[in-house]
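Undergrad: Sequence plus the predicted model coming up.
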Amino acid sequence: MIRLFLLLTLPVLIFLTGGCSANAPADQQEIKKEQLENYRKELNELKEKIADLEAELNTDTPVNAVNVETSILKPIDFEQFIEASGIVSTDRNIVVSPETPGIIQSILVTEGDEVKKGQILAKLNTESIQQSIEEIKVNLRLATTLFERRKNLWEQNIGSEVELLQAESNMMALQKKLQGLEAQMDMAVVKAPIPGVVDNLLQKQGEMAGPSIPFARIVNLEDIYITADVSEEYLNKINQGDSVDVFFPVLGILKKATVFRTSAVIDPDSRTFSIRANLDNNDLSLQPNLMGEMRMRISRIPNALVVPSILVKKDFNGEFIFVVSEGKNGILRAGKRYIISGIKDNNNTVVTEGLKEGTEIITKGFAQVADGSVLNVK
């Protein structure tokens, strides 16, 4: 009879179970989630109880303690810097051309030579000018002689005043013409307008030179400067006379400088302004168009509380940092301390509110702790 009863009731049970299971999964998921949350709470409570008992029994470090390293917060003088890429330039980078056209007769310097101001670099062919000068000199001697004779005669009341004036005019005209030809002779000599180095000779002997044809480039490497573009947000933070560190990666050279000037106009496209710092280049190690990294201080905060930026976390309530607090029975626990941060620079953050001098902050192992975690401070 029992077997017969089981055989008759089994299909009914299977049917009933199958029919209910269609609606059960959603409810079971919620039940499981609630159970999981309860288990977690119970686990945390058990951990706290275990830690308390271990402390009472004077055992070693609690088994659930998180190993961390800490540091004591102390005020420091905080400085904020910005960096900008700049290019070396010089106002004494000049292309030289002769003042008059002519064939280059001789070049008296080579590339790399140091020259002084006024030193002759090259001479042009001046044969035609020289011939004209000799011709004018002959005519000028004759005109001078005629003028002197007319003057002597006029003093003896011989001859007319018109003849005297004509002789004087001819003589003076020839003198002016001679002066003009001699000036052309001087312009046919190419001279260095500044002291410096002959960086490049752009023409060769025998070529045609002229005012519109570049002959050579002279560069003075002593008076150089570096310029860079900086965001307009730092307009009131960078001023004339501020110190600047300039590093040249290619040369491995660090030079100290000061801000010479800031531009009076902001670029409308990039929203930047230009700064210039003069550089000392007595060793001639720097050259125009060399790239350099400029580092400038834009703010300084004395006695600031500064923490590594990586320690600052954020949740829905704001920014926080984990500190060490002492709980029951002297057990060290992690505490979530909400803060207000200020300037962030060079991977550091200034804390304006929420921390005070002497606070013990967790610097290593902070990623493994939560609010209330038991700590084992190394």
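TA: All right, it came through fine. Residues are numbered from 1 along each chain as shown.
Undergrad: before we move on, what SS does residue 138 have?
TA: Of the three states, residue 138 takes helix according to DSSP: H, G, I helix; E, B strand; the rest coil.
Undergrad: Tell me how far the strand or helix carrying residue 133 lies from the chain's centre.
TA: Assigned by DSSP states H and E, residue 133 falls within helix 127-155. On the basis of CA atoms, centre = their mean, to the nearest Å, helix 127-155 sits 68 Å off its chain's mean C-alpha point.
Undergrad: And it, what's buried?
TA: 129, 132-133, 136, 140, 143-144, 146-147, 150, 154 (16 or more other CB atoms under 10 Å). All C-beta spots, glycine's among them, are computed from the backbone N, C-alpha and C.
Undergrad: pLDDT (mean, whole number) over that helix?
TA: Average pLDDT, helix 127-155: 81.
Undergrad: what's the neighbour count on the residue nearest to residue 378 when sequence neighbours are not counted?
TA: Spatial nearest neighbour of residue 378, excluding adjacent residues (CB to CB, 6 or more residues apart in numbering): residue 69 at 5.4 Å. For residue 69, the tally of surrounding residues (other CB atoms under 10 Å) stands at 11.
Undergrad: I figured residue 69 hits residue 364, correct?
TA: Yes: using CB atoms under 8 Å, residue 69 is in contact with residue 364, at 3.8 Å.
Undergrad: Wasn't residue 36 part of a helix?
TA: Yes: counting by three-state DSSP, residue 36 falls inside a helix.
Undergrad: What pLDDT does the model give it?
TA: 84.
Undergrad: all strands of the stretch 51-200 of the chain, in order?
TA: According to DSSP state E, counting those that start in this stretch, the stretch 51-200 of the chain carries its strands in the segments 66-72, 76-90, 93-96, 102-107, 114-115, 120-124, 189-191, 196-201.
Undergrad: what are the pairing partners of the longest one, and which direction each?
TA: Strand 76-90 has the following sheet partners, assigned by DSSP bridges: strand 223-231 (antiparallel), strand 291-308 (antiparallel).
Undergrad: wait, residue 130 sits on residue 182?
TA: No: Residue 130 lies out of contact with residue 182 (CB under 8 Å); the separation is 10.2 Å.
Undergrad: which one of the strands paired with strand 76-90 lies closest to residue 106?
TA: For the strands paired with strand 76-90, proximity to residue 106 was assessed by CB to CB; strand 223-231 is nearest, at 30.5 Å.
Undergrad: buried residues in whatever helix or strand comes next after that closest one?
TA: Next helix or strand after strand 223-231 toward the C-terminus (DSSP H and E): strand 243-248. Within strand 243-248, the residues scored as buried using 16+ other CB under 10 Å are 244-246, 248.
Undergrad: Please apply the same query to stretch 154-171.
TA: Neighbour-count burial for stretch 154-171 [16+ other CB under 10 Å]: 154, 159, 164, 167-168, 170-171.
Undergrad: can you list those residues in TSV and add distance to residue 360?
TA: Below are the buried residues of stretch 154-171 laid out as TSV (distance: CB to CB, whole Å):
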residue	distance to residue 360
154	114
159	118
164	111
167	109
168	105
170	105
171	103
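Undergrad: and the least confident of these?
TA: Lowest confidence among those: residue 159, with 74.
Undergrad: That one and residue 153 touch, don't they?
TA: Yes: assessed by CB under 8 Å, residue 159 is found in contact with residue 153 at 4.4 Å.
Undergrad: OK, contacts around residue 107?
TA: 121-122, 201, 204-205 (CB atoms under 8 Å, 6 or more residues apart in numbering).
Undergrad: Quick check: beta-bridge partners of it?
TA: Residue 107 has the following beta-bridge partners by DSSP bridges: residue 122.
Undergrad: Nearest the middle, which residue of the protein would you pick?
TA: Residue closest to the average C-alpha location in the chain (CA atoms, centre = their mean): residue 84, at 1.3 Å.
Undergrad: Now it: closest residue in space that isn't a chain neighbour?
TA: residue 228 (4.0 Å).
Undergrad: Specify the beta-bridge partners of the one you found.
TA: residue 86, residue 275.
Undergrad: roughly how far apart are it and residue 136?
TA: 57 Å (CB to CB, to the nearest Å).
Undergrad: ok, back up a step: list only buried entries from the contacts of residue 107.
TA: Buried among the contacts of residue 107 (16+ other CB under 10 Å): 121-122, 201.
Undergrad: CSV for the buried residues of strand 243-248, including pLDDT and distance to residue 100?
TA: Putting the buried residues of strand 243-248 into CSV (pLDDT from 0 to 100; distance: CB to CB, whole Å) gives the following:
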residue, pLDDT, distance to residue 100
244, 94, 45
245, 94, 49
246, 95, 43
248, 95, 42
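Undergrad: re earlier: most neighbours per residue, which of the strands paired with strand 76-90?
TA: Among the strands paired with strand 76-90, the stretch with the highest mean neighbour count (mean count of other CB atoms under 10 Å) is strand 223-231, at a mean of 19.
Undergrad: That strand to strand 243-248, inter-axis angle?
TA: With axes from the mean of the first three to the mean of the last three CA atoms, to 10 degrees as the basis, strand 223-231 and strand 243-248 are set at 100 degrees to each other.
Undergrad: can you give me the offset of strand 223-231 from its chain's centre?
TA: Counting by CA atoms, centre = their mean, strand 223-231 comes out at 8 Å from the chain centroid.
Undergrad: Just the angle for it relative to strand 196-201, thanks.
TA: Using the same axes, to 10 degrees: strand 223-231 against strand 196-201 is 70 degrees.
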